[in-house]
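Visitor: Provided below are the primary sequence and the corresponding predicted coordinates.
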Amino acid sequence: MFYITPKPQTHLVREESVAQYIYMKISFFTLFSAIFPILLSGKTNGNTPNNVQKECNCGQKIIFFPGQTVTEDCIERHGFDSFFSSQAIPDTIFDMMRGKSFKTYCTVEREELRYILCLHRDIKGVAHVGEMVVNKSIAADILEIFKELFVNNYPIERMRLIDYWDADDERAMTDNNSSSFNFRFISHTNTVSKHGEGLAVDINPLYNPYYKKLPNGTVVIEPAAGKPYLNRNRNFNYKIKKNDLCYRLFIKHGFKWGGNWTSVKDYQHFEK
């Protein structure tokens, strides 16, 4: 069964009877509600920030909605690998990034970045479609890591583009959003940060916060709401631990973990 996007009505309502109009609207609503929206056959209105089309291995076209839940039946029917992909950044995605994660003064070329789609599970084991922009040099690594995390039910709560939070790190981290590219320079330098190059990934940042004590005694915690999770002796959901699966996979692929640093602790952070 397929969901076909109906073409917009161009005739006026007054040209049809009231009963016919009501019947048409109810029928459309019933059809729309009953058919699983991730499957689509035929033409679509193209790539949008919430709607990225990809050919499935069965020849059907799958419409991925980042943030949407996906049933186990759908995954089995269309093939696990159909939900993992890397591509040049589509125009509509880039339009959303422009002026946010992709700043007007960005020195990284668009062609150096890749838009990836994947699956991830939350703490309840529910599968979600995730999205992330990373440097093209690590795109294959990231897809392999996320595949392994998904297969082994490693929980990642949320994975959307940081542009939905207007590229505001604090807000996105407070919502426990895992992300990568967000252009910026290292403070007080002209050096592009690892996140600015798309070479760093933050996983479950609310529960794995950044911590630094400045020389004047000021303590920096990012996100601020992550303060209760600085006690790494506690057990809580979404916690990254040394030698857990997430740690091992990133290390295996050549990344460094901020939780191993001494001058600061960045438990969410993996960079290459």
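Guide: Structure's in. What do you need? All of these numbers come straight from a predicted model, not from anything done at the bench.
Visitor: dump the residue contacts of residue 114.
Guide: When contacts are counted by C-beta atoms under 8 Å, 6 or more residues apart in numbering, residue 114 touches 86, 87, 88, 89, 133, 134, 135, 136, 139. Where you see a C-beta, it was placed from the backbone N, CA and C, and this is true even at glycine.
Visitor: does the second one really touch residue 115, like I thought?
Guide: Meaning residue 87. Yes: using C-beta atoms under 8 Å, residue 87 makes contact with residue 115 at a distance of 5.6 Å.
Visitor: neighbour count winner among those two?
Guide: Each of residue 87 and residue 115 has its neighbours counted (other C-beta atoms under 10 Å); residue 115 has more, 22 against 14.
Visitor: verify the stated contact: that one with residue 130.
Guide: No: the pair residue 115 / residue 130 is not scored as a contact, 11.5 Å apart, by C-beta under 8 Å.
Visitor: hang on, the earlier thing: what's the most distant pair in the contacts of residue 114?
Guide: Based on C-beta to C-beta, the longest span within those runs between 87 and 135 and measures 14.0 Å.
Visitor: what's stretch 221-236 in contact with?
Guide: For stretch 221-236, the external contacting residues (C-beta under 8 Å, 6+ apart) are 169-170, 173-174, 205-211, 239, 241, 265, 267.
Visitor: out of the residues you listed, which are inside helices?
Guide: Among these, DSSP state H puts 169, 170, 173, 174 in helices.
Visitor: looking at these, spot the one nearest residue 186.
Guide: After measuring the ones in helices among the contacts of stretch 221-236 against residue 186 - C-beta to C-beta - the closest member comes out as residue 169, at 14.0 Å.
Visitor: would you map the helices across the stretch 151-272 of the chain?
Guide: 169-174, 194-197, 245-252 (DSSP state H, counting those that start in this stretch).
Visitor: export those helices as TSV, with columns for mean neighbour count.
Guide: Listed next are the helices of the stretch 151-272 of the chain as TSV, based on neighbours: other C-beta atoms under 10 Å:
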stretch	mean neighbour count
helix 169-174	19
helix 194-197	21
helix 245-252	18
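Visitor: with respect to residue 180, which of the ones you listed lies nearest?
Guide: With respect to residue 180, and counting by C-beta to C-beta, the nearest of these is helix 194-197 at 6.8 Å.
Visitor: ok now that closest one, how far from the chain's centre?
Guide: From the chain centre to the centre of helix 194-197 is a distance of 16 Å (C-alpha atoms, centre = their mean, to the nearest Å).
Visitor: what packs against it?
Guide: The helices and strands touching helix 194-197, judged by 3 or more C-beta pairs under 8 Å, 6 or more residues apart in numbering; DSSP states H and E, number zero.
Visitor: show me what that helix is in contact with.
Guide: Contact with helix 194-197 is made by 106, 108, 112, 135, 180-185, 200, 202, 271-272, as judged by C-beta under 8 Å, 6+ apart.
Visitor: the bottom helix or strand of this protein by mean pLDDT?
Guide: When each helix and strand of the chain is scored by mean pLDDT, DSSP states H and E, strand 39-40 comes last, with a mean of 36.
Visitor: thinking again about what came up before, export the contacts of residue 114 to CSV and tack on secondary structure, pLDDT and distance to residue 249?
Guide: As requested, the contacts of residue 114 are exported to CSV (DSSP: H, G, I helix; E, B strand; the rest coil; pLDDT from 0 to 100; distance: C-beta to C-beta, whole Å):
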residue, secondary structure, pLDDT, distance to residue 249
86, strand, 97, 17
87, strand, 97, 22
88, coil, 98, 25
89, coil, 98, 25
133, strand, 98, 20
134, strand, 98, 15
135, strand, 98, 18
136, coil, 98, 20
139, helix, 98, 15
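Visitor: of those residues, closest to residue 67?
Guide: Nearest to residue 67 among the contacts of residue 114 is residue 133, at 15.2 Å by C-beta to C-beta.
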